[in-house]
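[1] kindly generate the corresponding structure for this input.
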Amino acid sequence: MDTDEIKVAVIRIEGTNCEEETVNAFRECGVFAEAVHLKQFYSDMIRDEEQRTFSDYTCIVIPGGFSAGDYVRAGAIFSARLKSVLREDLEEFIKQGYPVLGICNGFQVLAELGALPGFDEDKPLSDEPEMALSINDSGKFECRSCFLMHENRGKCVFTWKIGKREIVMYPVAHAEGKVTFPAEKEQEYLETLKQNDQIVFRYVDPNGNYADYPWNPNGSVYNIAGICNVTGNVLGMMPHPERAFWYPNKQGKALFESVVEYMKRLP
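    Here you go, the predicted model:
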């Protein structure tokens, strides 16, 4: 795929944030990106020139924020609206190998959609959520920079340019970021994630040691900060790489460069 064929949609609704930072991150990597309201994909109230389809894009991003006020559960309303009108489109998009990124609230949306942990290659969205992003163990909103260990061995298309076991520092800003799995399946899911190379980032201290609060800001099981689906083209993560695009040391830039490089290799 030529660079001018790469097109990124950052989907927004009421309450999302960091759309512009995410759009600018991709633009700095030399590709087209735009913020698109969810209604532009399905509403007949949108003018023709503003209507969009998933086939217009080669990458979909669900940004951070507090979509629809995070009522019910974080990401639940955004997910329900997306799934009710665009489920088939999103499933086909993922099956075709196009990348989907969920950052912070976007990770919560992907979990609610059943896109993550994404164990079934033939069914990109499960009928019911198989994981949740729960309230932080601290019981409060956590907003600060965190250290992450890159754990992926090469499956995740968003981290090709980040070294194995490289430590990066991205900010977090969430109240519901604790990765949890059903209690009776927790060990099974963790083993599957490990075997499938689906664990992408884990929280660590400045020396690279897995540690509890405050280094793990939410109490996530196994210190998980980000995971991908079984095919590696869907990534959900609580930390914000777009906020670390320039500082510190452009550590967030490699994530966006990685997925752009992946898209260049698509037919």
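[2] for the rest of this, base every contact and every neighbour count on C-alpha atoms.
    Fine.
[3] check which residues of stretch 158-170 are buried.
    158-163, 165, 167-170 (16 or more other CA atoms under 10 Å).
[4] just stretch 128-137 next, same as before
    129-137.
[5] phi first, then psi, for residue 208.
    phi 90, psi 10 (degrees, to the nearest 10).
[6] one step back: CSV for the buried residues of stretch 128-137, including distance to residue 37?
    Converted to CSV, these look like this (distance: CA to CA, whole Å):
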residue, distance to residue 37
129, 24
130, 27
131, 26
132, 25
133, 24
134, 26
135, 27
136, 29
137, 33
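[7] got any ranges where this structure has weak pLDDT?
    Within the chain, the set of residues satisfying pLDDT under 70 is empty.
[8] try it again with 80
    248 (pLDDT under 80).
[9] what ranges does it have for its strands?
    In the chain, the strands defined using DSSP state E lie at 7-12, 16-17, 32-37, 59-62, 64-65, 100-103, 132-134, 142-150, 167-174, 178-180, 199-204, 224-228, 234-237.
[10] now for the second one, which elements pack on it?
    Looking back up the chat, that one is strand 16-17. If you count contacts as 3 or more CA pairs under 8 Å, 6 or more residues apart in numbering; DSSP states H and E, strand 16-17 packs onto strand 64-65.
[11] pairing partners for the strand it packs on, with directions?
    strand 16-17 (antiparallel) (DSSP bridges).
[12] what does the partner strand rub up against?
    By CA atoms under 8 Å, 6 or more residues apart in numbering, the surrounding residues in contact with strand 16-17 are 63-68, 105.
[13] what is the end-to-end distance of stretch 181-190?
    Using CA to CA, to the nearest Å, the end-to-end distance of stretch 181-190 comes to 9 Å.
[14] residues of it that come out buried?
    Across stretch 181-190, burial judged by 16+ other CA under 10 Å covers 181, 189-190.
[15] kind regards, and thank you for your time.
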